[in-house]
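In: Next come a sequence and a model predicted from it.
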Amino acid sequence: PQALGTPRGALRARPMTALDRALFSISLQLIALRIPARKCNAFMQALQGHVLQRPKLKPIQPDGEQAPCTTRLLLLDEGIDDLQLTKLPDELRDYVAAEGGEPVRHSVTIGYDKFSAEQVLRRLLPEGMEVPSAFEQVGHVAHMNLREEHLPYKALIGEVLLDKNPRLRSVVNKVDSISNEFRVFPMEVIAGDEDLETTVRENGATFALDYREVYWNSRLEREHRRIVELLRPGEVVCDMMAGIGPFAVPAALKGNRVYANDLNPQSAKWLRTNVLRNKVGPRVRVSNSDARAFLRQLLAPPQGATGEPAAAAGEPAAAAAGGAEAATSAAEGAGEAPTLAFGPFSHILMNLPASALEFLDALVGAFDAETWHAPLPRVHCYCFSKETAAPEADVIRRAEEVLGCSIPGAEATVVRDVAPNKLMLCVSFVVPEAVAWRGEGGAAAASVRDGGGEGGEGGERFEGGGD
């Protein structure tokens, strides 16, 4: 019998840059058993391990020789090649005879549709070249990272992927690394539709996006869910680098309220779209700003502050009142300076792994002990580490260097492998008292207010660190 990976009429042909589906046609010469239709399940169970196993090819076929069709053909393994069934155990030959099975020769033609993408590409690409079969799916878009050796065959590779994955309409290839502040990588469409506006579902939410304009990584779904599950009822979140809302929208669906910001104007646009699409407008405030400026404006004392919490500062009346108008007003707040419309926040999310650690300095002196009447928030900061021996200790040490103090109770969670010897992690900790408070004596004022002693539990200040 001929192997499925070798089309009839050729050994391995010269590499191709155009797809010829007609090449993929092979004929299998098999032994089949003509059996009563009512006994198919019994024969399948009795002959387990001796039945044909081929992707996309059912072992039970119609019997075209019989009319009316009261029988079926059970295709046997390719290693069984004679009508006497000599390669079957004696007891199975006896079973076939006793149950009325009749060995017959049967030919099966397998075409292009029965081959997997990997089998097709293995046939078409140069011998010895690794077959690029892995891709990330984002809605109807497949994202590939092709190697240099694959580029002459990129159109062929994209076309095969579209053929073998009916839910795909576009295949893109990353042509360079992420090197801009918006986390958007340069790409080219190598097959299919040029329109990359698509939708994805994740953690109970639906997200619309243009894959060319914004960052999205489907591999982070579990991490998004982990953080959302940490949130307690009533807690407010400050999402400094929110993207199109993979944390913010599921958190709002859970009932939490979120200050969500992103520097990329397109991300902020799609974030507003997704807030409205998921009907969480009253629970999300969207901003389009630099992350440091966003946090600074969010924590700025309200004009005319009298020491009272800024729980309602800047909140539009419609959002405060709820109702149909609230969904729009809360989601379209990007033109306004962010304020603590939902009150103090309990969590800060910093999801920019390439540089989020550098933004930790924005926390130094950010809180006013006279107006912040809440526990200091817990930070979840994403970063990379190439320290294979102790990556957790590495990222905590780097976070402490930026803050200029030790971080008691800091934890680091490995999120995923990004590349060989490169991990993505999340560092979580409560903002240390030693550096949190604005102005001289802020830490001491907070310590007295909270009944703590000198230094409290806020961490030891490094020499020269902070303000």
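Out: That came in fine, so what should we check first? Numbers count the residues shown, from 1 in each chain.
In: which stretches of this protein have low pLDDT?
Out: 1-17, 65-68, 177-184, 302-337, 440-467 (pLDDT under 70).
In: Helices of that one, residue ranges please.
Out: Under the criterion DSSP state H, helices of the chain are mapped to 40-46, 90-98, 117-124, 154-164, 221-230, 248-254, 265-277, 291-298, 317-321, 324-331, 391-403, 433-436, 442-449.
In: In a markdown table, list those helices along with distance to residue 349 and mean neighbour count.
Out: C-beta: built from backbone N, CA, C; applies to glycine. Formatted as a markdown table, the helices of the chain follow (distance: least, C-beta to C-beta, whole Å; neighbours: other C-beta atoms under 10 Å):
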| stretch | distance to residue 349 | mean neighbour count |
| --- | --- | --- |
| helix 40-46 | 53 | 14 |
| helix 90-98 | 62 | 13 |
| helix 117-124 | 37 | 20 |
| helix 154-164 | 34 | 21 |
| helix 221-230 | 7 | 16 |
| helix 248-254 | 8 | 25 |
| helix 265-277 | 13 | 22 |
| helix 291-298 | 10 | 19 |
| helix 317-321 | 22 | 15 |
| helix 324-331 | 18 | 19 |
| helix 391-403 | 15 | 19 |
| helix 433-436 | 17 | 25 |
| helix 442-449 | 23 | 18 |
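In: Relative to residue 131, which of these is closest?
Out: helix 117-124 (4.7 Å; C-beta to C-beta).
In: elements contacting that closest one?
Out: Other helices and strands packing on helix 117-124, by 3 or more C-beta pairs under 8 Å, 6 or more residues apart in numbering; DSSP states H and E, are helix 154-164.
In: Would you mind pulling up the elements that the helix it packs on packs against?
Out: Helix 154-164 packs on helix 117-124, strand 141-144, strand 170-174, strand 187-192, going by 3+ C-beta pairs under 8 Å, 6+ apart.
In: could you measure the nearest residue to residue 372 once chain neighbours are set aside against residue 222, distance?
Out: Distance criterion C-beta to C-beta, 6 or more residues apart in numbering; nearest residue to residue 372, sequence neighbours excluded, is residue 344 at 6.4 Å. Distance of residue 344 to residue 222, computed by C-beta to C-beta, to the nearest Å: 29 Å.
In: hmm, back to that, please report phi then psi for the residue nearest to residue 372.
Out: Phi and psi for residue 344, reported as degrees, to the nearest 10, are phi -60, psi 150.
In: Could you double-check that it lies in contact with residue 368?
Out: No - counting by C-beta atoms under 8 Å, residue 344 does not reach residue 368; the two are 11.2 Å apart.
In: Do I have it right that residue 211 meets residue 136?
Out: No - shown here, residue 211 and residue 136 do not form a contact pair, counting by C-beta under 8 Å, at 10.2 Å.
In: Same drill for the two, tell me which one is more crowded.
Out: For residue 211 versus residue 136, neighbours defined as other C-beta atoms under 10 Å are more numerous around residue 211 (22 against 15).
In: follow-up on the earlier one: tell me which of the helices of the chain sits nearest to residue 72.
Out: helix 40-46 (5.6 Å).
In: Need the single longest strand in this structure, by residues.
Out: Longest strand of the chain, by residue count under DSSP state E: strand 26-36.
In: all strands for the stretch 351-467 of the chain, in order.
Out: Along the stretch 351-467 of the chain, the stretches classed as strands by DSSP state E, counting those that start in this stretch are 378-385, 411-419, 422-430.
In: which residues touch residue 438?
Out: Taking C-beta atoms under 8 Å, 6 or more residues apart in numbering, we find residue 438 in contact with 365-369.
In: give me the beta-bridge partners of the residue lying closest to residue 217 once chain neighbours are set aside?
Out: In this structure, residue 217 finds its nearest non-sequential neighbour in residue 136, 7.5 Å apart by C-beta to C-beta, 6+ apart. Beta-bridge partners recorded for residue 136 (DSSP bridges): residue 143.
In: Then residue 207?
Out: Under DSSP bridges, the beta-bridge partners of residue 207 are residue 200.
In: now do residue 422
Out: Here residue 422, judged by DSSP bridges, has bridge partners residue 419.
In: Count the residues that sit near it.
Out: 13.
In: for residue 357, what are its contacts?
Out: 381, 383, 395, 398-399, 402, 427.
In: Leaving out sequence neighbours, find the closest residue to it.
Out: Nearest one to residue 357, counting by C-beta to C-beta, 6+ apart, is residue 383 at 4.9 Å.
In: Distance check, that neighbour against residue 41.
Out: 56 Å.
In: residues contacting the closest residue to residue 385 other than its chain neighbours?
Out: Nearest residue to residue 385, sequence neighbours excluded (C-beta to C-beta, 6+ apart): residue 391, at 4.0 Å. Counting by C-beta under 8 Å, 6+ apart, residue 391 touches 385, 412, 414, 423, 425.
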